[in-house]
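Student: When you get a sec, could you give me coordinates for this:
(one chain, ligands or ions: 1)
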Amino acid sequence: MLFRPRPEKLELILLRYLKPRMEFSYDQALNYTNLVKGYEGELKSDIWLKGLTGEWLVLHDLLFEYHGSKFQIDTLIITFEKIYLLDVKYFEGDYSIKDDKWYNPAGTLQKNPLHQLERCETLLTKLLLKLGHHYEIESYLIFNNPEFHLNTTSINPAFIFPTQLNRFLKKLNMKPVKLHKKHYQLAKQLVDHNQEESPYSRLPQYSFEKLKKGIICSNNCNTFYSDEQLICKKCGCKEEVDAAVLRSVEEFSLLFPDRKITTEGIHDWCGIIKSKKTIRRILRKYLTLHRHSRSSYYSFKE
Ligand SMILES: [Zn+2]
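Tutor: Predicted structure coming up:
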């Protein structure tokens, strides 16, 4: 049973909004690509885990803190007698380990993912004890990109390679035991302890004034509509004006949570809608108007 599905990452959504509107530096672009890839790998692993039969509680994407140390968990599976901790690595290409050090395909030294996993396991053990639970934890690094290969002389049983994924699942499926109330309580406690971290401080610096204005095609092809016809020159899709403006309002409000939604602001943001009346009509129709003598603004309906 999927107890906690994976939420879409706000950081990724915000970066996706920003990308066509500003120039990313090399590092920012690389970070974005890595986030997209990592998320893709996590989603693939979630689909793979749907093959689990029997009684399991699956929790995705948790962030905990224990005595000031934060740790993030990709996937946690609660079973009758054990907890499985899975860290998904969507690495691509030929990696290698030399003297306990990890190198990526370009030969650059990497963080050792095993150290990360061990740290996570230690902190989770402590957190579980604090919550009053004693469970054995079994941790695995899941490499689920079929294009991944690891050159190493010593095989670590915590590594699950692409060709072993099916067998790993079969092994888990062999021992389903009905869970008790305490397992569900533990799952709930863990979800309650999950922390939300604001991604805004990690984003590249941006301002309303400097971002490129316009409406981006709804097909995610990163192209701005060139005129009020709202037909994408790249993919040919066409969008209705209400839908396009509303999408832009959502984008605006996520990128600028402290700015008020006003006709003026959204007119600027959309760029290509000539008539302010059109913007006002759409805002009035779908959002709540807050009247003030000097400046009225809108908010999304509850
Ligand atoms: Zn398009």
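Student: Can you name the residues of the stretch 101-250 of the chain that neighbour the ion?
Tutor: Residues of the stretch 101-250 of the chain found near the ion (C-beta under 5 Å from the ion) are 217, 219, 221, 223, 232, 234, 235. For the C-beta atoms, the positions are set from N, CA and C on the backbone; glycine is no exception.
Student: one more time with 8 Å, if that's ok
Tutor: When proximity is defined as C-beta under 8 Å from the ion, the stretch 101-250 of the chain approaches the ion at 217-223, 232-237.
Student: Is it possible to get those residues out as JSON lines so that each row also shows pLDDT?
Tutor: Listed next are these as JSON lines, based on pLDDT from 0 to 100:
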{"residue": "217", "pLDDT": "94"}
{"residue": "218", "pLDDT": "91"}
{"residue": "219", "pLDDT": "89"}
{"residue": "220", "pLDDT": "80"}
{"residue": "221", "pLDDT": "85"}
{"residue": "222", "pLDDT": "86"}
{"residue": "223", "pLDDT": "92"}
{"residue": "232", "pLDDT": "94"}
{"residue": "233", "pLDDT": "93"}
{"residue": "234", "pLDDT": "93"}
{"residue": "235", "pLDDT": "93"}
{"residue": "236", "pLDDT": "92"}
{"residue": "237", "pLDDT": "92"}
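Student: okay if I get these as TSV plus neighbour count, distance to residue 286 and secondary structure?
Tutor: Formatted as TSV, those follow (neighbours: other C-beta atoms under 10 Å; distance: C-beta to C-beta, whole Å; DSSP: H, G, I helix; E, B strand; the rest coil):
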residue	neighbour count	distance to residue 286	secondary structure
217	22	21	coil
218	17	16	coil
219	13	22	coil
220	9	22	coil
221	14	25	coil
222	12	25	coil
223	16	25	coil
232	20	23	coil
233	12	27	coil
234	11	27	coil
235	12	25	coil
236	10	27	coil
237	14	21	coil
